[in-house]
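Trainee: 3D model of this:
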Amino acid sequence: MSRIRVVLDTNCYVSVFTKPNGFVARLRAAWERGLFVPLICEEAMAELEEVLQRPRFLLSPDEQAWAFVNIRFYAETIALSDPLAPVEGLRDPDDIIFVNLARESKADCLVSGDKDILTLKDTLPGVNILSPGDFLRLIDPDS
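Mentor: All right, here's what the predicted structure looks like:
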């Protein structure tokens with residue numbers, strides 16, 4: 001049986017690493033237990049690196065480094081096409097990375113807490129969009 005392959009957006013990773021006792025942090029426990037494989041690309045890693053360095057998140061350089069080591073250890077890295085395919089109806093141009101990653105990797109789903117992405121649920125052919133809560137209930141009903 002193959003594991004579920006999932007794209008997590010920056011919003012999810014930020015919650016995982018800045019709120020380690022929060023609900024969304026259960027995603028990290030789930031990928032570490034092998035319940036799913038996170039899919040990542042270099043473009044998403046660059047965005048995450050920039051976001052986690054923002055002072056409001058209060059992550060030390062060591063905590064930031066640990067987050068990237070953890071992601072790289074558990075995630076499958078996918079190379080995206082250049083240029084990225086346009087996504088009709090997507091309001092935030094930064095989110096195009098995640099939709100393209102989900103499409104090109106043939107991910108089982110794209111997990112996001114971002115309202116701009118969630119509004120596209122059921123409208124993008126080949127991309128199953130779930131909130132973190134819906135995804136966690138799907139893979140671990142006891143969570």
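Trainee: where does this protein have low pLDDT?
Mentor: In the prediction, the chain carries residues with pLDDT under 70 at positions 1-2, 143.
Trainee: just checking, what's the longest helix in it?
Mentor: What stands out as the longest helix in the chain, according to DSSP state H, is helix 61-74.
Trainee: could you say what helices and strands the helix or strand that that one is followed by packs with?
Mentor: Following helix 61-74 in sequence order, the next helix or strand is strand 76-77 (DSSP states H and E). Strand 76-77 makes packing contacts with strand 36-40 when contacts are defined by 3 or more CB pairs under 8 Å, 6 or more residues apart in numbering; DSSP states H and E. C-beta: built from backbone N, CA, C; applies to glycine.
Trainee: now the strand it packs on and helix 61-74, what's the angle there?
Mentor: With axes from the mean of the first three to the mean of the last three CA atoms, to 10 degrees defining the directions, strand 36-40 sits at 110 degrees from helix 61-74.
Trainee: Just give me the neighbour total for the residue lying closest to residue 114 once chain neighbours are set aside.
Mentor: If the residues on either side of it in the chain are set aside, residue 114 comes closest to residue 11, at 4.8 Å by CB to CB, 6 or more residues apart in numbering. Neighbour count for residue 11, taken as other CB atoms under 10 Å: 20.
Trainee: Ok, residue 24 next?
Mentor: Residues lying near residue 24 (other CB under 10 Å) number 23.
Trainee: cool, residue 38 as well?
Mentor: The burial count assigned to residue 38 is 23, neighbours taken as other CB under 10 Å.
Trainee: Surely it is in contact with residue 8?
Mentor: Yes - Residue 38 sits in contact with residue 8 when judged by CB atoms under 8 Å, with a separation of 5.5 Å.
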